[in-house]
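S.K.: dropping the sequence and predicted coords here.
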Amino acid sequence: MFNRRNFLQSLTFLSAGAAIHPTKTAAQPKRVVPLNMPLVISTWDAGLLANKKAWSILQNGGRAVDAVEEGVKETEASQNCCVGLGANPDRDGYVTLDACIMDENHNCGAVAFLERIKHPISVARRVMEKTPHVFLVGEGAQQFALLEGFPLEPSTLSPAADAAYKSWLQKSRYKSPSINIENKKNHGPFAPSRLENGEWNHDTIGMLALDKSGNLSGSCTTSGAGFKMRGRVGDSPIIGAGLFVDNEVGACVATGQGEDVIRVAGASSVVGLMRGGLSPEEACKKMIERIVAIKKEKVKDIQVAFLAISHLGEIGAFSIHPGFSYALRSENTEELKWANSWFK
């Protein structure tokens, strides 16, 4: 039988018990001060020079987002065949550039199919900071850059790109194996961006930094695949594919064949695996295994690599094929390191 006095007494008892044994909630990630900071990592041997610029900012207490912007601008300014206006054109003879940037607060900006602007990474940052948008492309991205005071550069190809384009036109064949080519002189592989048998590979520079405040940021910039179809965009400017930063967990950049990074939301997936407890290298390896499972026998013809850093300053990388290198700069280290790979 219902008894109001007993019912009220039971409520009092339950309330007291709740005070002694509070309801359990999901554990929140603890922000631990990294032991290894500041530091900067970036893809391929071009990252050695880019890291120098980034390090000059980090060692003086600068923000990670400033470091990753200024660092990759060094690569954009170098007239090479895979990043910046000196890069190989698309199949119609036009150089188009893609870039993105992301800071510790999930702010991000990106541009794609951008022509005649020297530093797409800086335009991407302006998109992040001065517009309500994340992504601007093509003519609209160029118009925004001009309004922001970026000069319009000449449309002529660099001498190296012009020679490469004329050579490619002899066959007019598009093939993007993205496999590292062995550098016989230095007895080691380098970024896939050299001409071999009339066909060109391509690549990107991606950079991740951890500053003295323990904050992460990342950047990514590229000219995309040489002699690509007009309008093609890969993973590099896509937040979540080519780059992702979660300040409570870690950050990741991707390099290699962009289509296969996009199809698995590569960078954000790696960070998600890190949130689940995997180390940076374990998370990178897991996503490479996912791509291998999807591509099956076709995996022998492509290269994809992931480079990641945890919020504690732990570093890891993994690639499909041997030969992926990344540059590291910290208080005690300045070196080029080689990632483990699925193929041995």
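M.R.: Structure's in. What do you need? Residues are numbered from 1 along each chain as shown.
S.K.: can we go C-alpha only for contacts and neighbour counts from here?
M.R.: Will do.
S.K.: where does the stretch 1-150 of the chain dip in pLDDT?
M.R.: 1-36, 79-81 (pLDDT under 70).
S.K.: so which residues of it form strands?
M.R.: With DSSP state E, counting those that start in this stretch as the criterion, the stretch 1-150 of the chain has strands at 39-43, 97-102, 108-114, 135-137.
S.K.: quick one: strands adjacent to the last one?
M.R.: Just to be clear, that refers to strand 135-137. When pairing is defined by DSSP bridges, strand 135-137 lines up against strand 108-114 (parallel).
S.K.: contacts for the strand it pairs with next, please.
M.R.: 96-102, 120-121, 123-129, 133-139, 141-142, 231-233, 237-239 (C-alpha atoms under 8 Å, 6 or more residues apart in numbering).
S.K.: now do stretch 306-316
M.R.: Here stretch 306-316 has contacts from 32-37, 39, 42-43, 208, 210, 214-216, 247-255, 266-267, 270-271, 274, 279-282, 284, 288, 317-319, 326, 339, using C-alpha under 8 Å, 6+ apart.
S.K.: give the buried subset of these as a ChimeraX selection command.
M.R.: Here is the ChimeraX command that selects the buried residues among the contacts of stretch 306-316 (16 or more other C-alpha atoms under 10 Å):
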select :34,36,37,39,42,43,208,210,214,215,216,247,248,249,250,251,252,253,254,255,266,267,270,271,274,279,280,281,282,284,288,317,318,319,326,339
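S.K.: can you map out the helices along the stretch 101-250 of the chain?
M.R.: Remark: helices assigned in the stretch 101-250 of the chain by DSSP state H, counting those that start in this stretch are 120-130, 138-147, 159-169.
S.K.: now these in CSV, with distance to Q303 and mean neighbour count?
M.R.: Listed next are those as CSV, based on distance: least, C-alpha to C-alpha, whole Å; neighbours: other C-alpha atoms under 10 Å:
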stretch, distance to Q303, mean neighbour count
helix 120-130, 24, 24
helix 138-147, 27, 17
helix 159-169, 21, 17
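S.K.: for D66, which non-adjacent residue is spatially closest?
M.R.: Counting by C-alpha to C-alpha, 6 or more residues apart in numbering, D66 lies nearest to I57, which is 7.4 Å off, once chain neighbours are set aside.
S.K.: so how many other residues sit close to that neighbour?
M.R.: I57 is flanked by 20 other residues according to other C-alpha atoms under 10 Å.
S.K.: so who does it touch?
M.R.: Per C-alpha under 8 Å, 6+ apart, neighbours of I57: 63, 66-67.
S.K.: looking at those, which is nearest L152?
M.R.: Checking the contacts of I57 against L152 with C-alpha to C-alpha, the nearest one is D66 at 23.4 Å.
S.K.: how close does that closest one sit to K298?
M.R.: D66 is 39 Å from K298, where distance means C-alpha to C-alpha, to the nearest Å.
S.K.: those two: which has the busier surroundings?
M.R.: For D66 and K298, the more surrounded residue by other C-alpha under 10 Å is D66, and the numbers stand at 19 against 9.
S.K.: return the distance of the more buried one relative to A161.
M.R.: Remark: distance between D66 and A161 (C-alpha to C-alpha) = 30 Å.
S.K.: before we move on, what about S236?
M.R.: S236 is 21 Å from A161, where distance means C-alpha to C-alpha.
S.K.: same thing with I302?
M.R.: 23 Å.
S.K.: what sits against E331?
M.R.: Neighbours of E331 in contact, by C-alpha under 8 Å, 6+ apart: 37-39.
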